[in-house]
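>>> The following block contains a protein sequence and its predicted model.
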Amino acid sequence: MSSSPHIIDITLENFQQVILEGSMQQPILIDFWADWCAPCKALLPVLTKLAHEFNGQFILAKINIEEQPELAAQFQVRSVPTVMLVSQGQLVDQFNGAKPESEVRSFLKQHLTNPVEAFKEQIKQLVGEGELDQAQELLQQAISQLPEDIDLQIELARVLLQKNLSADARSVLDQLPEADKARPEVKGLVAGLQFVEKAPSAELLATLVDRDDSEARYLKAMAALVQANYDTALELLLNLLRDDRSYQEGITHKTLLEVFALLGEGNPLVVSSRRKLYTLMY
């Protein structure tokens, strides 16, 4: 008998409630097994681990075919282990035999919606719509519940940078594990911190208003980045690349890639600007 609420031993008495009625609320993964079956004993720890990991996205329903032959016959089970996924009272998919964890995980991901991934998509949408305050609030709440999810921390640093809260963003990035600091997206965010250092002062910016040379364009782009005026910054950088590709040994192209990393690949501005960059380069 399992102590987990996500793992249930099935009998004739609870079959109706757990599988038929329960599958109307969440998917049920049925594991048909037997004591004499060595592959069953190899598969069970994998299913148990994933049931804990997915934390309620599905219920693992275990049916011992020797103790519940009527249920095995009802599902026309001819060999064990047999694993079936039931949702909304219907058989969705199944597999037979012991599978490695990677294959079982892939099987589950085909049919289950991962709430963390769905949440990350929601954050991307909020950022794309400019709802940075809401994105920051949701990310901070999620990190308090999932402190081990490095992707959430990186996304928080990205949002903080876009809000021009560079000190807060740097604090988040500084606390990342050393191995994750080498990730390209993190390097892009660190580069984003440098935009603050490169941006001209208000006094210098005032002197650039009537200038249209390469240096003025680049500095105006840095100022726009610090002010989170990303569409203006990208337009300035793309035009500078078009007109003076060799400016400061190609720094404009490098900066564009850093801005893309800062904003994130799903950002609509990045999508459109990448197309323009591709046209300029090729």
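Noted; the coordinates are in hand. Since we're looking at a predicted model, the values are computed, not measured. Numbering: from 1, shown residues only.
>>> For the protein, identify the residue most remote from the centre.
residue 210 (43.9 Å; C-alpha atoms, centre = their mean).
>>> how would you label that one: helix, strand or coil?
coil (DSSP: H, G, I helix; E, B strand; the rest coil).
>>> where does it fall, phi/psi-wise?
The phi/psi pair for residue 210 (degrees, to the nearest 10) reads phi -90, psi 0.
>>> again, but for residue 32
The phi/psi pair for residue 32 (degrees, to the nearest 10) is phi -90, psi 120.
>>> Now tell me what touches whichever helix in the chain runs longest from outside.
As assigned by DSSP state H, the longest helix anywhere in the chain is helix 38-54. Identification of contacts with helix 38-54 by C-beta atoms under 8 Å, 6 or more residues apart in numbering yields 2, 4, 6-7, 29, 31, 33-34, 58-60, 62, 80-81, 83, 97-101, 104-105, 108, 112. The C-beta positions use only the backbone N, C-alpha and C, and glycine is treated the same way.
>>> how about 6 Å then?
6, 7, 31, 33, 60, 80, 81, 98, 101, 104 (C-beta atoms under 6 Å, 6 or more residues apart in numbering).
>>> Could you turn the buried ones of those residues into a PyMOL selection?
To isolate in PyMOL the members of these that are buried, counting by 16 or more other C-beta atoms under 10 Å, one can use:
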select buried, resi 6+7+31+33+60+80+81+98+104
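>>> Nearest to residue 134, out of the contacts of helix 38-54: which one, please.
Nearest to residue 134, judged by C-beta to C-beta, of these is residue 6 at 31.1 Å.
>>> Any idea how many residues pack against the closest residue to that closest one other than its chain neighbours?
Residue nearest to residue 6 in three dimensions, not counting chain neighbours: residue 51, with 4.7 Å by C-beta to C-beta, 6 or more residues apart in numbering. Residues near residue 51, counting by other C-beta atoms under 10 Å, number 24.
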